[in-house]
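*Asks:* Structure for this input, please:
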Amino acid sequence: MAPRERDLMFVLGQGFGEHPVNRRQEALFRQGYGPLQINEELLTFYRQERSLDDIAEFLSRILDPETSLEAGRTICIG
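*Replies:* Numbers count the residues shown, from 1 in each chain. Alright, predicted model coming up:
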């Protein structure tokens, strides 16, 4: 029910996650998904929104007074 760009941001171009989609995978996805008319502005908006959400979630874990010092180090180091 969300705009296509909200879902497609995970596949097209600058993929998110630990295993971003490579060019071959993107080409296969496009072949299977069919013709796309993508609003690049909306796609950029959702990518930026997702980045801000990720940063806010990360900071909320670090700044949580219930987070132990050791858990905070793990969060920061990865």
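*Asks:* In contact with the closest residue to residue 43 other than its chain neighbours, which residues?
*Replies:* Of all residues not flanking residue 43 in the chain, residue 5 sits nearest, at 4.3 Å (CB to CB, 6 or more residues apart in numbering). C-betas here are computed from N, CA, C, even on glycine. Remark: with contacts taken as CB atoms under 8 Å, 6 or more residues apart in numbering, residue 5 is in contact with 38, 39, 42, 43, 45, 46.
*Asks:* per-residue confidence for residue 5?
*Replies:* Residue 5 is assigned a predicted lDDT (pLDDT) of 84.
*Asks:* could you point out the longest helix in this structure?
*Replies:* helix 40-63 (DSSP state H).
*Asks:* and that helix, which residues are buried?
*Replies:* Neighbour-count burial for helix 40-63 flags 43, 46, 47 (criterion: 16 or more other CB atoms under 10 Å).
*Asks:* Any regions of this protein where pLDDT drops low?
*Replies:* 13-18, 67-78 (pLDDT under 70).
*Asks:* try 90
*Replies:* Regions of the chain meeting the criterion pLDDT under 90 cover residues 1-40, 43-44, 46-47, 50-51, 54, 58-78.
*Asks:* by contact count, what packs against the longest helix of the chain?
*Replies:* Using 3 or more CB pairs under 8 Å, 6 or more residues apart in numbering; DSSP states H and E as the contact test, the elements touching helix 40-63 are helix 4-8, helix 69-77.
*Asks:* Can you name the next helix or strand after the shortest one?
*Replies:* Sequence order places helix 23-33 as the next helix or strand after helix 4-8, per DSSP states H and E.
*Asks:* Output that following helix in CSV with nothing but the alpha carbons.
*Replies:* Extracted C-alpha coordinates of helix 23-33, given in CSV (Å, rounded to 0.1, in the frame of the first residue of the first chain):
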residue,chain,number,x,y,z
ARG,A,23,24.1,-4.6,-10.4
ARG,A,24,23.3,-8.1,-11.5
GLN,A,25,20.8,-8.6,-8.8
GLU,A,26,19.2,-5.2,-9.6
ALA,A,27,19.0,-6.1,-13.2
LEU,A,28,17.3,-9.4,-12.4
PHE,A,29,14.9,-7.6,-10.0
ARG,A,30,14.0,-5.1,-12.7
GLN,A,31,13.4,-7.9,-15.2
GLY,A,32,11.0,-9.7,-12.8
TYR,A,33,9.3,-6.6,-11.4
